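S.K.: here are the coordinates; sequence isn't available:
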């Protein structure tokens, strides 16, 4: 049940004939339908507006969406002063019946509220699966539960039981035609407007990754904090020389060993940048390869938070870095770093054109990595 009592709330349905059909359902009818089932965009909007349920089940492949929605729930439920003591994160294998009983039915430290986050729900021990629905039914108003999984079998008794007492959020990739709308919503959450063409340009450059979008919206809103609305010139002037565009996009293709996209992105950047841009690009390659190398060295020794801090990156990006690390051996990474250094020397002293230097470097790295 929502904390707003008897106030009506809205479900949003999309079909092939219309973008938004909205129906209002009162809390009285809500009990006959079971708990809500929302998409990510709707759930994020409701949470940021202050509409919190007591229990959420987030299901889908996109880690960034699950992470961001969880963080927003925590921010809404817990004042900053309470988060260190009353926010609890567990892997499913750690969520024993005793631990769940302690966190979901216990009294929060020093009063206040509690948020309990359990990831990989599909791996929850059998005894915990039996207990969790009962605990969720009896949750106190001070407690909020967030469970997440990439997949859950809706035919199982456990899934049906927790869905009956929780708001289920379907995590799916945002379709390209919805991205500008999502970008506008992320700026609106920061009390900033963005024109339609500027939102489309932002989505074109940044892409559909929700982690990337969130980071770039945050930085753009800080850079232009004196403006009430951003126009396309503001977006293009910032993103054309931003760390995301110059030092992330090309380096990301390098990490994923996507030669064609790496070459195309490199040419696009070099065409739009001056001589100083080449130094930024070399730094991006060094940084990306060194991060992958460090990930291989420390990923089994550190927690995600400590590893992200050591690598100087947001935890959002560790999952992608893990995929990149799987594509290289340590020896290949060392050879790739040497090739970047050789290309930097060539850039200073060789007669080759700037595009040709980068093209040769990328081809050599891909070939050295077995491409």
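M.R.: It's in. The model shown is predicted, which means the values in this text are computed figures rather than measured ones.
S.K.: which strands and helices sit next to the longest helix along the chain?
M.R.: In the chain, taking DSSP state H as the definition, the longest helix is helix 276-298. If contacts are counted by 3 or more Cβ pairs under 8 Å, 6 or more residues apart in numbering; DSSP states H and E, helix 276-298 sits against helix 250-255, helix 259-272, helix 304-311, helix 318-325, helix 330-349, helix 354-368. Where you see a C-beta, it was placed from the backbone N, CA and C, and this is true even at glycine.
S.K.: show me where pLDDT drops low in this structure?
M.R.: 1-35, 107-111, 240-248, 272-277, 312-317, 351-352, 368-371 (pLDDT under 70).
S.K.: what do you get if the cut-off is 50, keeping everything else the same?
M.R.: Low-confidence segments of the chain, defined by pLDDT under 50: 1-34, 243-244, 369-371.
S.K.: would you say residue 57 is within a helix?
M.R.: No - Residue 57 is assigned strand when assessed by DSSP: H, G, I helix; E, B strand; the rest coil, not a helix.
S.K.: got a list of what it touches?
M.R.: 121, 147, 148, 149, 152, 162, 163, 166, 167, 168, 169 (Cβ atoms under 8 Å, 6 or more residues apart in numbering).
S.K.: Which of the helices or strands spans the fifth one?
M.R.: So that's residue 152. Of the helices and strands defined by DSSP states H and E, none includes residue 152.
S.K.: State the number of residues packed around the residue lying closest to it once chain neighbours are set aside.
M.R.: Nearest non-adjacent residue to residue 152, counting by Cβ to Cβ, 6 or more residues apart in numbering: residue 159, 4.9 Å away. Neighbour count of residue 159, defined by other Cβ atoms under 10 Å: 20.
S.K.: Could you do the one 5 residues further on as well?
M.R.: Using other Cβ under 10 Å, the number of residues around residue 164 comes to 13.
S.K.: Backbone dihedrals for residue 327, both of them.
M.R.: phi -90, psi -10 (degrees, to the nearest 10).
S.K.: rewinding a little: can you tell me which of the helices and strands packed on helix 276-298 is most buried?
M.R.: helix 250-255 (a mean of 24; mean count of other Cβ atoms under 10 Å).
S.K.: what's that one in contact with?
M.R.: 259, 261-262, 265-266, 269, 281, 284-285, 287-289, 292, 320-321, 324, 327, 362, 365.
S.K.: Tell me how far residue 230 lies from residue 178.
M.R.: 19 Å (Cβ to Cβ, to the nearest Å).
S.K.: Show me which of the two is the more surrounded one.
M.R.: Neighbours were counted for residue 230 and for residue 178 using other Cβ under 10 Å; residue 230 has more, 22 against 17.
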